[in-house]
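K.L.:
sequence plus predicted model, see below.
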Amino acid sequence: MTEQPPRAPQKLGFVDTAAYMIAVGIGIRWIAVAAAVGPASLPMWTLALLVFFVPLSVATAELTSRYDAEGGIYAWARDGIGPLAGFICGWFYWLSLMPYFATILYFLSGLVIAALGADPKNALLYIAISSVFLALVAGIQIAGLKYGKWLPNLGTAGGWIVVFVIVAMAVVIAARGKGATDFAHSSWIAPLNFPTAILWGTIVFAYSGMETAGMLRDEIAGGLRTILRVLAIVGAGSLFIYIAGTLSFLVILPQSELTRLAGFPDALRTGLAHLGLARFAPYVIALFALSMLGGFTGWFGVGARLPFAAGIDAFLPPLFAKRNPKTGAPVPAILLQTGLTFVMVVLSQAGSSVAGAYDLLVNMSVLGSTVPYLFMFWVHIKGADAPAVPGLWTPPGGRRITIGLGWLGMSASAVAILCTLAPDPSDAHAAFTFLKIAGSTVATLVVGLAIYGTARWRKRAIAA
């Protein structure tokens with residue numbers, strides 16, 4: 001019998017790409033973080049869209065069209081600045097996903113524990129449930145995008161249903177004159193304090209993710225044309241979801257009762273109870289959990305493309321440069337990512353409460369993932385004076401707009417990094433928390449430099 005050649009991995013069409021990017025680029029759980037600051041968070045959503053999301057989307061489109069290499073943001077920094085900058089950029093970006101994955105796992109585990117009526121302070125239970133979710137997502141990604149796209153698709157649908165439910169509840173409650181927030185007499189200017197600092201870093205993080213389109217470029221049917229259309233859809237959708245969702249939460253619950261970790265499910269339960277629909281709360285929360293799981297699955301698949309690209313460049317062992325010939329999934333990279341995420345889930349509990357561990361992981365994610373944007377925007381700014389290449393996309397207005405948006409995005413990213421280091425006045429061990437965040441960042445840099453140096457030495461030895 002003649003052996004059949006392996007089939008080409010299935011590519012994402014326009015609808016699948018849009019759903020995938022919405023799952024990756026819009027995180028509805030951040031609505032609770034914004035609502036906890038009050039109405040002052042509403043202008044900040046619009047500001048962040050203008051100074052971060054728009055520059056990020058423009059840079060993503062331009063760099064995707066300029067560089068035709070595996071790895072997205074890693075390849076852009078490598079080819080635009082140099083191998084060391086590319087490796088450190090990709091290294092920070094990839095490692096920052098590990099605490100981010102852990103925050104999602106903690107959030108999902110908290111929803112399950114609440115549904116079971118179990119002890120919300122049981123750290124071992126959090127770790128056990130997180131491990132089950134992690135194994136499920138890793139298995140789906142190993143099966144390839146043919147199957148890996150379905151959870152992001154379902155999660156996107158579930159997330160939109162939840163948002164419309166929240167908005168509908170707020171409209172009914174406001175029509176009855178029972179809104180929880182007096183918007184007319186509230187402050188719409190955010191104070192310079194810790195919650196605002198956390199909010200800005202979180203909002204920037206909430207708008208991030210558009211650069212992942214460059215990592216999936218070769219797996220998207222239609223290439224850049226599809227990516228441009230999807231970026232516009234995600235921008236409009238994210239602004240609506242974040243502003244309408246935050247506004248609705250403040251109608252349902254007063255600012256004082258909204259928390260970063262439990263605010264979302266609490267608002268859902270309270271709103272449905274006001275309308276006499278409390279029995280439907282578990283189903284709506286289940287849809288919310290599905291949206292979270294979809295976003296996690298999407299990011300998990302994207303993240304695995306970074307060690308895969310590093311394997312191609314021989315910065316990691318050649319094992320990580322391998323794909324499954326039938327599914328196209330970078331299986332060794334996925335398994336490595338799974339192991340590191342599990343380690344992060346366990347280590348984040350060292351000496352912390354569940355809420356403390358969650359806040360620490362969020363700060364580590366925001367700080368680690370925002371550093372690579374400094375590299376990305378710098379490459380974008382340099383590209384304004386670089387020679388054009390076939391198929392290059394540039395924004396209307398040409399060089400001036402490219403440079404202006406690049407510096408705008410870089411400034412917003414730098415402020416977000418500083419905000420993650422702001423001390424929490426309610427933290428009895430604020431200095432220790434700061435050292436954990438800053439120390440983990442320095443350790444990430446040192447380990448990255450060591451891996452890069454070892455790989456360069458190995459290459460020279462082989463060449464000699």
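P.N.:
Great, that's in hand.

K.L.:
pull the contacting residues for the closest residue to Tyr207 other than its chain neighbours.
P.N.:
Of all residues not flanking Tyr207 in the chain, Phe53 sits nearest, at 4.2 Å (CB to CB, 6 or more residues apart in numbering). Where C-beta positions appear, they are placed from N, C-alpha and C, glycine not excepted. The contact partners of Phe53, taken as CB atoms under 8 Å, 6 or more residues apart in numbering, are 207, 210, 235, 238.

K.L.:
pull the most distant pair out of those residues.
P.N.:
Using CB to CB, those span at most 9.7 Å, a distance reached by Met210 and Ser238.

K.L.:
joint contacts of those two?
P.N.:
25, 53.

K.L.:
so Gly27, which state does it fall into?
P.N.:
coil (DSSP: H, G, I helix; E, B strand; the rest coil).

K.L.:
quick check on it: phi, psi?
P.N.:
phi -120, psi 100 (degrees, to the nearest 10).

K.L.:
test my guess that it contacts Ala206.
P.N.:
Yes: applying CB atoms under 8 Å, one finds Gly27 in contact with Ala206, separated by 5.4 Å.

K.L.:
count the residues that sit near Leu445.
P.N.:
Around Leu445 there are 14 other residues, counting by other CB atoms under 10 Å.

K.L.:
name the element the closest residue to it other than its chain neighbours belongs to?
P.N.:
Excluding the flanking residues, the one nearest Leu445 by CB to CB, 6+ apart is Ile88, at 7.0 Å. In the assignment (DSSP states H and E), Ile88 maps to helix 83-116.

K.L.:
report the buried residues of that helix.
P.N.:
Buried residues in helix 83-116, counting neighbours by 16 or more other CB atoms under 10 Å, are found at 85-114.

K.L.:
where does Ala244 fall, secondary structure wise?
P.N.:
Going by DSSP H and E, Ala244 is part of helix 223-252.

K.L.:
which is the next helix or strand following that helix?
P.N.:
Once the chain leaves helix 223-252, the next helix or strand it forms, by DSSP H and E, is helix 263-274.

K.L.:
would you mind writing the CA trace of that next one as PDB?
P.N.:
Provided in PDB are the C-alpha atoms of helix 263-274 (Å, rounded to 0.1, in the frame of the first residue of the first chain):
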ATOM      1  CA  GLY A 263     -16.700  40.900  41.700                       C
ATOM      2  CA  PHE A 264     -17.800  39.300  38.500                       C
ATOM      3  CA  PRO A 265     -19.800  36.300  39.900                       C
ATOM      4  CA  ASP A 266     -21.100  38.500  42.700                       C
ATOM      5  CA  ALA A 267     -22.500  41.000  40.300                       C
ATOM      6  CA  LEU A 268     -24.100  38.300  38.200                       C
ATOM      7  CA  ARG A 269     -25.800  36.700  41.300                       C
ATOM      8  CA  THR A 270     -26.900  40.100  42.700                       C
ATOM      9  CA  GLY A 271     -28.400  41.300  39.400                       C
ATOM     10  CA  LEU A 272     -30.300  38.100  38.700                       C
ATOM     11  CA  ALA A 273     -31.600  38.100  42.300                       C
ATOM     12  CA  HIS A 274     -32.900  41.700  41.900                       C
END
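
K.L.:
helices or strands up against that helix?
P.N.:
helix 30-35, helix 150-175, helix 223-252, helix 281-303 (3 or more CB pairs under 8 Å, 6 or more residues apart in numbering; DSSP states H and E).

K.L.:
tilt between that helix and helix 83-116?
P.N.:
Going by axes from the mean of the first three to the mean of the last three CA atoms, to 10 degrees, helix 263-274 is angled at 30 degrees with respect to helix 83-116.

K.L.:
and stretch 51-68, average pLDDT?
P.N.:
On average, the pLDDT along stretch 51-68 is 91.

K.L.:
ok, now stretch 405-423?
P.N.:
Mean predicted confidence for stretch 405-423 is 87.

K.L.:
equivalent analysis for stretch 84-92, please.
P.N.:
88.

K.L.:
who's in contact with that stretch?
P.N.:
By CB under 8 Å, 6+ apart, the list of residues contacting stretch 84-92 reads 71, 73-79, 306, 309-310, 313, 315, 368-369, 371-372, 375-376, 444-445, 448-449, 451-452.

K.L.:
name only those of those residues that count as buried.
P.N.:
Buried among the contacts of stretch 84-92 by 16+ other CB under 10 Å: 71, 73-79, 306, 309-310, 313, 315, 368-369, 371-372, 375-376, 444, 448, 451-452.

K.L.:
what about the closest residue in space to Ile252 that isn't next to it in sequence, how many residues nearby?
P.N.:
Spatial nearest neighbour of Ile252, excluding adjacent residues (CB to CB, 6+ apart): Gly271 at 4.2 Å. Using other CB under 10 Å, the number of residues around Gly271 comes to 26.

K.L.:
ok, Gly237 next?
P.N.:
Neighbours of Gly237 (other CB under 10 Å): 19.

K.L.:
tell me, what's the model's pLDDT at it?
P.N.:
So Gly237 comes in at 88 (pLDDT).

K.L.:
go on, Leu360?
P.N.:
So Leu360 comes in at 60 (pLDDT).

K.L.:
for Gln349, same thing?
P.N.:
On the pLDDT scale, Gln349 gets 61.

K.L.:
packing partners of the helix or strand of the chain with the lowest mean pLDDT?
P.N.:
Lowest on mean pLDDT, DSSP states H and E among the helices and strands of the chain sits helix 145-148, with a mean of 70. If contacts are counted by 3+ CB pairs under 8 Å, 6+ apart, helix 145-148 sits against helix 123-142, helix 281-303.

K.L.:
out of those, nearest to Ala18?
P.N.:
Once those are compared by CB to CB, helix 281-303 is nearest, at 11.8 Å.

K.L.:
buried residues in that closest one, which are they?
P.N.:
Buried, per 16+ other CB under 10 Å, within helix 281-303: 281, 284-285, 287-303.

K.L.:
same question, stretch 200-213
P.N.:
So stretch 200-213, judged by 16+ other CB under 10 Å, has buried residues 200-213.

K.L.:
could you list which of these belong to helices?
P.N.:
200-206, 212-213 (DSSP state H).

K.L.:
so how far is the helix holding Ile88 from its chain's centroid?
P.N.:
8 Å (CA atoms, centre = their mean, to the nearest Å).

K.L.:
can you check stretch 413-422 too?
P.N.:
16 Å.

K.L.:
now stretch 271-288
P.N.:
27 Å.

K.L.:
and the closest residue to Leu97 other than its chain neighbours, what's its pLDDT?
P.N.:
Once flanking residues are discounted, Leu97 sits nearest to Gly303: 4.4 Å by CB to CB, 6+ apart. Per-residue confidence (pLDDT) for Gly303: 82.

K.L.:
for Gly303, what are its contacts?
P.N.:
94, 97, 101, 337.

K.L.:
which ones are touching Ala170?
P.N.:
179, 247-249, 251-252, 271.
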